[in-house]
Every structure is written in C-alpha cells, then in structure tokens.
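Visitor: give the three-dimensional model of this entry:
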Amino acid sequence: MALSTSTATELTAEQVQKVLVAPLAQKSVFLSMPGIQIIDTAGPVRIPKGPSATDPDWYGQNEQIDEVDPDFDEVTLLPSTMKSVKTLTRFSNELARQSVVALDAALRNRLVTDVAAKVDGQLLSATGDGVTIPKGLFAYAGQTLAVDGALSVDDMIDADALALGADVNLDSLVWVMNPVEFTGLRKIEEGTDSARKLFQPDATRAGGFTFAGHRAVVSKRVPVGTVGLVDFSQIVVARDLAPSVKILDQTFGDFDQQAIRVVARYDAAPVNDDAVIALTGVTWA
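Guide: Residues are numbered from 1 along each chain as shown. A predicted model of the protein is given here:
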C-alpha cells in the first residue's frame, strides 16, 4: 500500500521493520557481519562480562589453599546521553501528487541507503566516545599490531597469532579493510610474496574473497591505513526498540510542503576486547 499523509502520519512498528530496520540490517556492512549480536531495547543495556581468570595452583596435603576473588565487569550500551541518527527531508505537495515513482519504494531505498551509510561510517571508524557517539570498531580497547609500512603476509599471520594467544575462535574471524588495502594486497606479486596463494575467491559469496582462511570484507567506511581482524560474534549491538519514520504534513503547511523525518539509535561494543585486532600504519608508497 502506498504511503499517504492520511494513513501513515507515523508508521507502525511493522511498517518501520519492513521499510527501515530489516533492509538496514542487510545493507549495512557492520550490522550484517556473521555472528554479530543485535539487541532491541528502548533504554540502556548492561551486559555482564565473565569473571577474570582465577589462576589455580598446585597444593600438597594439608596445605592451605589461597583464596581468589575474581573480578567481574560489564559493558554498558545506549546510555541516555547517546545521540540518534536523524534526517529530515522536505518536499512539495505538487511533487507528492505528480511523482511517477512509488512513494513507499522511494522511501525504502533512500532511507536504507542513507542510514546504513551513516551507521557504518561511525561503527567502522576509529572515533566515538561511547557516551554521545558510539565508539567505532578501531576505537575499541582491542589488540594492536603496528605495521608501519606495506601490509605483508607475515603481518597478517602475526595478527592470527595474536588471536590464537587470546583464545579467540579462529573460525569466526573476519578481515575488515578499506578498498585501498584490499587492492594493495591483490597487487602483491607472486614472485615477491605468497599473498596470492592465500588470498582466494570465496566460493560461498559472489565477488567475495578469503585470506588465510578468513572471510575478507571490504568497505570504504574503514579508515585508510587500518585493517581489522575481528570476531564479530563477540561484539554486541544495541538497537533502539522504536526507530521512527514520520510524515510531517502540518509543520511546513505555510509552504504547502510535507516532510519525512527518520530517527534511529544504535550503539556497539565488544564483550571481549581481545577479539578485535587492529593492524595500523599501513602504507603502500
């Protein structure tokens, strides 16, 4: 059914799910990562972390056992101070009446594209404070491997070693990189490096690649000069329970205009910092 100001002054939850939320989860690189956990909530979320290691020891008969107090921690998402992704677009009533494009289809495509780009731009970045703006993937307190030069096979194997040392599940790891780094890796000559033997097409995804057995995901939202090796199953996304798409048919009545307003809130954080490994300082000059 085509949207109208008389029947959809504010979309119902089911319509928002079809128009904005579900397509966004498919189009967004970050939100569509394999294994990522998404929690719908209308307020702050507290996610407990497991206790720290207790370091058992060997004891003989009648020896006193040392008492150990493990430390507990938690991740807090979507604090009340967290800002929302918002957009407002005005259009004339003449355009609404004369448009040859189905309004619901135009809305869906435009909203999904714009909101996905904004969400990915932040969640894949190296910025954000986790208070008013969500922390980006490369702003997490994860593991760091300084490359400071051209990315080599050895660097990426070293990143694998960091994951092994942190008991991260290797089957869940994903390479995340910018097209610049992706292209640089593909151009490595077989005579000087073995990257081409390890960098292979992914038979399970059209146009996809794997490197050293891990899926490679490419997005221009990833900061240039940085590559991530990430277990997304250990990252949690909090999504506001009530994203809204509202048709404003009275606010700009003196201009004979309508407006579309979109509001959505997202936050993300790792429950295991060591599951995020950042390779930094990558240059190809």
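Visitor: grab the nearest non-local neighbour of Val68.
Guide: Residue nearest to Val68 in three dimensions, not counting chain neighbours: Thr54, with 4.6 Å by Cβ to Cβ, 6 or more residues apart in numbering. The way it works is simple: take the backbone N, C-alpha and C, and place the C-beta from them, glycine included.
Visitor: can you classify that neighbour by secondary structure?
Guide: Three-state call for Thr54 (DSSP: H, G, I helix; E, B strand; the rest coil): coil.
Visitor: wait, isn't it in contact with Pro70?
Guide: Yes - contact criterion Cβ atoms under 8 Å: Thr54 and Pro70 qualify, at 5.3 Å.
Visitor: and the residue nearest to Val68, how many neighbours?
Guide: The local packing of Thr54 (other Cβ atoms under 10 Å) involves 10 other residues.
Visitor: gap between it and Val271?
Guide: Thr54 sits 19 Å away from Val271, going by Cβ to Cβ, to the nearest Å.
Visitor: what is the burial count for Val227?
Guide: Residues near Val227, counting by other Cβ under 10 Å: 27.
Visitor: typo on my end, it should be Val237
Guide: Val237 has 25 nearby residues by other Cβ under 10 Å.
Visitor: centre of the chain to the helix or strand hosting it, how far?
Guide: Val237 belongs to strand 235-240 when assigned by DSSP states H and E. Distance, stretch centre to chain centre, for strand 235-240: 9 Å (Cα atoms, centre = their mean, to the nearest Å).
Visitor: what about the helices in the protein?
Guide: Using DSSP state H, the helices of the chain run over 13-16, 22-27, 93-98, 103-123, 153-165, 179-186, 195-198.
Visitor: out of the ones you listed, name the one with the poorest average pLDDT.
Guide: Taking the average pLDDT of each of these, the minimum falls on helix 195-198, with a mean of 60.
Visitor: so where is the stretch 151-285 of the chain shaky, pLDDT-wise?
Guide: Counting by pLDDT under 70, the ranges of the stretch 151-285 of the chain that qualify are 189-199, 201-204, 206-207, 241-242.
Visitor: check contacts around Cys255.
Guide: One thing to correct before we go on: residue 255 is Phe, not Cys. 90, 92 (Cβ atoms under 8 Å, 6 or more residues apart in numbering).
Visitor: if I look at it, how far off is Val218?
Guide: The value you get for Phe255 to Val218, if Cβ to Cβ is used, is 43 Å.
Visitor: center of the chain - which residue?
Guide: In the chain, the centroid-proximal residue (Cα atoms, centre = their mean) is Phe30; its distance is 2.8 Å.
Visitor: neighbours of the residue nearest to that residue when sequence neighbours are not counted, how many?
Guide: Excluding the flanking residues, the one nearest Phe30 by Cβ to Cβ, 6+ apart is Leu123, at 4.3 Å. Neighbourhood size, Leu123 [other Cβ under 10 Å]: 24.
Visitor: how near is Gly149 to Trp284?
Guide: From Gly149 over to Trp284 the distance is 9 Å, taken as Cβ to Cβ.
Visitor: got the domain boundaries for this protein?
Guide: Annotated domains of the chain cover 13-48+73-134+236-270, 141-235+272-282 [automatic domain parsing].
Visitor: which one, of these, ends up nearest to Gln61?
Guide: domain 141-235+272-282 (32.7 Å; Cβ to Cβ).
Visitor: off-centre distance for that closest one?
Guide: 16 Å.
Visitor: ends of it, how far apart?
Guide: Chord length of domain 141-235+272-282, first to last residue, is 19 Å (Cα to Cα, to the nearest Å).
Visitor: give me the neighbour count for Gly208.
Guide: Neighbour tally, Gly208, other Cβ under 10 Å: 14.
Visitor: what's the answer for the one 3 residues further on, then?
Guide: Phe211 has 21 neighbours, counted by other Cβ under 10 Å.
Visitor: so what's it bridging to?
Guide: Phe199, His214 (DSSP bridges).
Visitor: I'd say it and Phe182 touch.
Guide: No - at 9.6 Å, Phe211 and Phe182 do not qualify as touching, with contact defined as Cβ under 8 Å.
Visitor: now stretch 178-192: buried residues?
Guide: 178, 180-182, 184-185, 188 (16 or more other Cβ atoms under 10 Å).
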